[in-house]
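A.B. asks: Need coordinates for the below:
(one chain, ligands or ions: 1)
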Amino acid sequence: MMEIDARLREDVHLLGELLGETIRSQYGDAFLDTIERIRKGAKTARQGSAQGQRQLTESLDGLGEDELLPVTRAFNQFLNLANIAEQYHHIRRRRPDEPEPFENRVLSELLERLKQAGHAPPELAEQVTGLDIELVLTAHPTEVARRTLIQKYDAIAAELGNQDHLDLTEGERLAVRQRLQRLIAEAWHTEEIRRHRPTAVEEAKWGFAVIEHSLWHALPNVLRHTDQVLQAATGQRLPLQAAPIRIASWMGGDRDGNPNVTAAATREVLLLARWMAADLYLRDIDRLAGELSMHQASDELRLSVGVHPEPYRTLLKQLRMRLHATRAWAEAALREESLPDTAVLQDNRELIEPLELCHRSLHACGMGVIADGELLDCLRRATTFGLFLARLDVRQDAGRHAAALSEITEYLGLGRYADWDEAARTRFLLAELDSRRPLLPTHFEPAADTAEVLATCRVIAEAPAASLGSYVISMAAAPSDVLAVLLLLKETGLQRPMRVVPLFETLADLDNAGPAIDALLGLPGYRSRLYGPQEVMIGYSDSAKDAGTTAAAWAQYRAQETLVEVCARHGVELLLFHGRGGTVGRGGGPAHAAILSQPPGSVRGRFRTTEQGEMIRFKFGLPAIAEQNLELYLAAVLEATLLPPPAPEAAWREQMDRLAADGLAGYRDIVREHPRFVAYFRQATPEQELGRLPLGSRPAKRRSGGVESLRAIPWIFAWTQTRLMLPAWLGWERALAQAEARDEGELLRRMREGWPFFRTRIDMLEMVLAKADGNIAALYDARLVEPELLLLGEQLRDLLSQVTTAMLRLTDQSELLAHNPETRESIEVRNTYLDPLHLLQAELLARSRRVEQGADSPLEQALLVSVAGIAAGLRNTG
Ligand code: PGA
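C.D. replies: Numbering: from 1, shown residues only. Here you go, the predicted structure:
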């Protein structure tokens, strides 16, 4: 183990050295010396050296205007390189005496454990085959790195892999080093900040690229491995039809608060996905046509292609022709032209059947070893990705549907839908759903917002069913929110079922989720329109922003429990869709632990979750890492299904009620009730400046106003930059203090021992606290905050130290993460690069607020680079 860690340190060191050489070539020795002085100062200052602190501040103070940008860039790049080394480290070649990583053994070990727990092999095989996990890639604007840089980072990781062979000659080793040097120079000389916001379609293309470069390769490998371990454990193989993991997307479909995602953009993205899928399969089929030159074939295949010396190739050529036609058709449709669609592939079976036929025939003729190679991989892809690559979800705000219906009812002289109570709305919607005459008059010309809602529904109605996932309603509260969408879809011509999914995302709505779904399922007019499971989405990050993480986590848990009970009572299957962000304050954290801490009965072989923004790159950007994460998902969902955690004891639940109530009060007393809180937030953090970072296609705010108008992402992002990380812990200090005052420390410890939900919350909180840093936050205050607000800053930092002390008592440690030295070390290494960035950022913020700067000015650029660097350095925290 030590050996492996030493290799990580070597890699970090090497990349840093090569970056240093690059910087020296551009700016010379003196400049590199300055960087080194800053770095060493930061390092020794962290070890408590007053001299180091002086060296750090003096070096930074001594920087000329024109040095600010390159210094900021240098530290940003160091952090990115450290990330690459760490990411590669997870998948690095293991030497024979080094242990296999957990992710690679998790599934086989789990199957053994399940057998020992009494699950019979046929049952296990059935469970694995029936798993239904859907990962929904979203365009949440948290990915700070440009795509062109990501490609270079991936290439650097690949070179680290090349270097990791023991048998390289001197010349080979030198060549790797030179390639690394060149890649690092390329990255250094590339601007790290996008000049423009990506369009919605560009975001979707980014998602497709992740599929093309990583998931397309990773998924068949994961299924091949699953097949092997399943066979070893149960004697049964993973059937060809099994698709335990699928990919869906929000990119180009999520229009909630994002006016740039229009109906036209969604249509374009759907067509692009078809184009991309056809193109990817063509590459596979070309390779297969080269491979499958065999002559021997089954009668079935011969009958299908006629007499031919190379029957497999003949069949594949037919498929290739249809894929060409499909790609050309999609390309023409993207140009608003139309081509005949007779040969276009419309149904996944048309893609899968010829491949299955080849597979069967090869097996029948004693060529199973050929059948189970590339051909099987292609078949697995066809089953997993299909002709549409990723199912696209649509998301829109409940308020937009209500506004559209109001405009319609007013036009019809029925009054204003928005003014009706829930009973009146439901009555109206159910009657209209049953009605045979159209609701929308032909000459109705709605205002732009309503027209856009209707146009989106039309795009849905026209798209093939298999290209779409769910229609998600954000800020949903009541049954009418769901019925409203059903009606709008019906009125725009949708004649097949579509999953319409309420997203509950405030504390009040989560508390009411069970009763709302109960009422919905109790409506015969709804039940007769529900095909398949009832899908419900849980919003982790907005509920945390609304109520703090203590109360939100408990509300999310209880909502799921109630939904399990309600759906069971109605005899309806439940599919929970988890809207988790990447950072802890937005419900993020390791997926494996998160799934295993779900309420019992809430998983049942099905799991749908978002994978957002930068987490897509971290978890799925490289094929080998993607494989590990996909296997973790498989294992965790299987385990949560077959070995669910025990239901919490009554005393634990009562304790959670108390913690949540105290946490809520602690959080809201500050965030909602403190009269100057918003003013402090605006001054002490880069919240306003973040809006200028062109991260994603959507605006940072839904409307103008205070914290409530801000989306959860910039809210969390801003506090992460200053290291106060307030939203991730605020409320816990009061919750834990009150529990201690009630002398319930022992109870808390028992809960942590015995209840995965509670343990995961505490672990995540500890990680956040280890990365939070009151001293850094104080530097921002000193530079940026008006005197009258300084006291509030001090108060908040005092709360941070209170929660830290309570955490140490609860976990019985003298320092945070004492039980997790690896994470501690990773944070310490990063601090050396982060500290200068924080100091620079506070200074840059002060200057940029004093004198308005042009967007292209070096100062503004340096500010944005500092934001990107800190985000990269802190990864999943905030
Ligand atoms: P949303 O997501 O603002 O798109 O609802 C919030 C988040 O993921 O943090």
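
A.B. asks: for the ligand, what are the nearby residues on the stretch 401-550 of the chain?
C.D. replies: 541-542 (Cβ under 6 Å from any ligand atom). (Each C-beta comes from the backbone N, C-alpha and C, glycine too.)

A.B. asks: show me what contacts the closest residue to residue 630 other than its chain neighbours?
C.D. replies: By the measure of Cβ to Cβ, 6 or more residues apart in numbering, the closest residue to residue 630 outside its immediate chain neighbours is residue 222, 4.6 Å from it. For residue 222, the set of contacting residues under the criterion of Cβ atoms under 8 Å, 6 or more residues apart in numbering consists of 245, 627, 630-631, 634.

A.B. asks: in what helix or strand does residue 222 lie?
C.D. replies: Mapping residue 222 onto the secondary structure by DSSP states H and E places it in helix 216-234.

A.B. asks: Going toward the C-terminus from that helix, what's the next helix or strand?
C.D. replies: Using DSSP H and E, the helix or strand that directly follows helix 216-234 along the chain is strand 245-249.

A.B. asks: what's the angle between that following strand and helix 216-234?
C.D. replies: Between the axis of strand 245-249 and that of helix 216-234 there is an angle of 150 degrees, by axes from the mean of the first three to the mean of the last three Cα atoms, to 10 degrees.

A.B. asks: Filter the contacts of residue 222 down to the buried ones.
C.D. replies: With burial judged by 16 or more other Cβ atoms under 10 Å, the buried subset of the contacts of residue 222 is 245, 627, 630-631, 634.

A.B. asks: for the ligand, what are the nearby residues on the stretch 51-200 of the chain?
C.D. replies: Residues of the stretch 51-200 of the chain that fall close to the ligand, judged by Cβ under 6 Å from any ligand atom: residue 140.

A.B. asks: of all of the stretch 51-200 of the chain, which residue lies closest to the ligand?
C.D. replies: Residue nearest to the ligand within the stretch 51-200 of the chain: residue 140 (5.1 Å; Cβ to the nearest ligand atom).

A.B. asks: do the same with the stretch 651-800 of the chain
C.D. replies: Taking Cβ to the nearest ligand atom as the measure, the point where the stretch 651-800 of the chain comes nearest the ligand is residue 712, at 3.8 Å.

A.B. asks: Just give the number of residues close to that residue.
C.D. replies: Using other Cβ atoms under 10 Å, residue 712 has 23 neighbouring residues.

A.B. asks: Identify the residue nearest it in space, chain neighbours excluded?
C.D. replies: Once flanking residues are discounted, residue 712 sits nearest to residue 541: 4.0 Å by Cβ to Cβ, 6+ apart.

A.B. asks: That neighbour and residue 710 touch, don't they?
C.D. replies: No: the pair residue 541 / residue 710 is not scored as a contact, 11.8 Å apart, by Cβ atoms under 8 Å.

A.B. asks: more crowded one of those two?
C.D. replies: When residue 541 and residue 710 are compared for neighbours, residue 541 comes out ahead with 28 against 22, by other Cβ under 10 Å.

A.B. asks: And the pLDDT at the more buried one?
C.D. replies: Listed pLDDT for residue 541 reads 93.

A.B. asks: for residue 140, same thing?
C.D. replies: Residue 140 is assigned 87 on the pLDDT scale.

A.B. asks: Neighbours of it, how many?
C.D. replies: Other residues within reach of residue 140, judged by other Cβ under 10 Å, total 28.

A.B. asks: how close does it get to residue 475?
C.D. replies: Relative to residue 475, residue 140 is positioned 17 Å away (Cβ to Cβ, to the nearest Å).

A.B. asks: what's the answer for residue 746, then?
C.D. replies: In this structure, residue 746 lies at 41 Å from residue 475, with Cβ to Cβ as the measure.

A.B. asks: Likewise for residue 234?
C.D. replies: When residue 234 is compared with residue 475 (using Cβ to Cβ), they lie 45 Å apart.

A.B. asks: which residues touch residue 819?
C.D. replies: If you count contacts by Cβ under 8 Å, 6+ apart, then residue 819 has 811, 813 around it.

A.B. asks: Tell me the secondary structure at it.
C.D. replies: The assignment at residue 819 comes out as coil when based on DSSP: H, G, I helix; E, B strand; the rest coil.

A.B. asks: Show me how the protein divides into domains.
C.D. replies: Recorded structural domains for the chain (assignment: automatic domain parsing) are 1-99+147-190+820-878, 104-143+195-389+590-643, 396-579, 653-819.

A.B. asks: Compare these and say which comes out lowest on pLDDT.
C.D. replies: Per-stretch mean pLDDT for those is lowest at domain 1-99+147-190+820-878 (a mean of 90).

A.B. asks: Now do that one: distance to the chain's middle.
C.D. replies: On the basis of Cα atoms, centre = their mean, to the nearest Å, domain 1-99+147-190+820-878 is displaced by 24 Å from the centre of the chain it belongs to.

A.B. asks: ok, now stretch 726-739?
C.D. replies: Here stretch 726-739 shows a centroid-to-chain-centroid distance of 26 Å under the convention Cα atoms, centre = their mean.

A.B. asks: you'd agree residue 687 is up against residue 678?
C.D. replies: No: here residue 687 lies out of contact with residue 678, judged by Cβ under 8 Å, at a distance of 9.7 Å.

A.B. asks: which of those two has more neighbours?
C.D. replies: The neighbour count for residue 687 versus residue 678, taken as other Cβ under 10 Å, is higher for residue 687 (21 against 17).

A.B. asks: which ones are touching that one?
C.D. replies: 681, 710, 714-715, 718.

A.B. asks: now with 10 Å?
C.D. replies: The contact partners of residue 687, taken as Cβ atoms under 10 Å, 6 or more residues apart in numbering, are 678, 681, 700, 707, 710, 714-715, 717-719, 721-722.

A.B. asks: Residue 474 too?
C.D. replies: If you count contacts by Cβ under 10 Å, 6+ apart, then residue 474 has 254-257, 395-400, 481, 502-505, 537, 539, 542, 579 around it.

A.B. asks: So what pairs up with it in the strands?
C.D. replies: According to DSSP bridges, the residues that bridge with residue 474 are residue 397.

A.B. asks: does the residue in the stretch 301-450 of the chain that the ligand sits nearest to sit in a helix or strand, and which one?
C.D. replies: The nearest approach of the stretch 301-450 of the chain to the ligand comes at residue 395, 7.9 Å away (Cβ to the nearest ligand atom). Remark: residue 395 resides in strand 391-397, with elements defined by DSSP H and E.

A.B. asks: Please apply the same query to residue 843.
C.D. replies: helix 821-850.

A.B. asks: Show me what secondary structure element comes after that helix.
C.D. replies: The next secondary structure element downstream of helix 821-850 (using DSSP H and E) turns out to be helix 858-874.

A.B. asks: So which residues of the chain form strands?
C.D. replies: For the chain, applying DSSP state E gives strands covering 132-138, 245-249, 391-397, 468-474, 499-504, 534-539, 574-579, 606-612.

A.B. asks: So which elements touch the fifth one?
C.D. replies: This points to strand 499-504. strand 391-397, strand 468-474, helix 479-491, helix 507-511, helix 513-521, strand 534-539, helix 540-570, strand 574-579 (3 or more Cβ pairs under 10 Å, 6 or more residues apart in numbering; DSSP states H and E).

A.B. asks: Note down every partner strand of it and its orientation.
C.D. replies: Strands flanking strand 499-504 in the sheet, each with its direction: strand 468-474 (parallel), strand 534-539 (parallel) (DSSP bridges).
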